[in-house]
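> No sequence on hand, only this structure:
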């Protein structure tokens, strides 16, 4: 079995001080997080080599103060969750670790890397009220998880869950939550255009203009123009 120390050693082996500022631009979370200087695209191949890592070791990666180490941790969770042979108890353990350590999953891309498969896929045939609890959390990263996790439902043509969470987040003050609301409701609209239009009509006064614009991007020009006009009133 591999260890978390091996993952960190591999990351340290390709870290470059010249890339610290470039990588740091992706991180919008707590100021105590350190950056090693490993581009995101180079982290994923390393993480994929360690899909046999124990969850105890993954937790050590998530507890690390370095952004890239935590990205490796959530990437390993994601690769584990994608395994075709994953047992139900193993999927439940991945989900439980993600939720329990969410304070360490504290950047938009850490959420996006793992929430669809680790959280969404787990909840497919289960009580989804946990997403509603996440959606009303004080933590914007938990709120982003709530909407991003519904990607698993959208892949199967289920749009109701996405719109339900988006309703809860319509007035969210966090830009990264709003970006997800715009993107995910637009994606839901590819399956059910009428449901998207109904959602935007109900919430146009509550949604920030950039979110309304992003969500309606795939709609006919006349509908987009009407939504913009009514938003201006």
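Received it, and whenever you're ready, just let me know what you need. Computed from a predicted structure; not experimentally measured. Numbering: from 1, shown residues only.

> neighbouring contacts of the longest helix anywhere in the chain?
If you go by DSSP state H, the chain has its longest helix at helix 175-191. Helix 175-191 is contacted from outside by 28, 108, 140, 143-144, 147-148, 150-151, 154, 157, 159, 162-163, 166, 169-170, 172, 195-197, 199-200, 207-208, 210-219, using CB atoms under 8 Å, 6 or more residues apart in numbering. C-beta here means a position set from N, CA and C on the backbone, and glycine is covered the same way.

> Could you pick out the buried ones from these?
28, 108, 140, 143-144, 147-148, 150-151, 154, 159, 162-163, 166, 169-170, 172, 195-197, 199-200, 207-208, 211-216, 219 (16 or more other CB atoms under 10 Å).

> can I assume residue 43 is in contact with residue 72?
Yes: Residue 43 lies in contact with residue 72 (CB atoms under 8 Å); the separation is 5.4 Å.

> coming back round to it: just the contacts of helix 175-191: which are in helices?
Checked against DSSP H, those include these in helices: 108, 140, 143-144, 147-148, 151, 154, 162-163, 166, 169, 195-197, 199-200, 210-215.

> Residue 215 contacts residue 204, doesn't it?
No: between residue 215 and residue 204 there is no contact under CB under 8 Å: 9.8 Å.

> how about the most centrally placed residue in the chain, what does it touch?
Nearest to the geometric centre of the chain sits residue 112, at 2.6 Å (CA atoms, centre = their mean). Each residue near residue 112 by CB under 8 Å, 6+ apart is listed here: 144, 148.

> can you tell me the helix or strand for it?
helix 108-114 (DSSP states H and E).

> What's the mean pLDDT across that helix?
Averaging pLDDT along helix 108-114 yields 97.

> Distance of residue 93 relative to residue 80?
Applying CB to CB, to the nearest Å, the value for residue 93 to residue 80 is 9 Å.

> the more surrounded of the two?
Each of residue 93 and residue 80 has its neighbours counted (other CB atoms under 10 Å); residue 80 has more, 24 against 15.

> Nice, that's everything, thank you.
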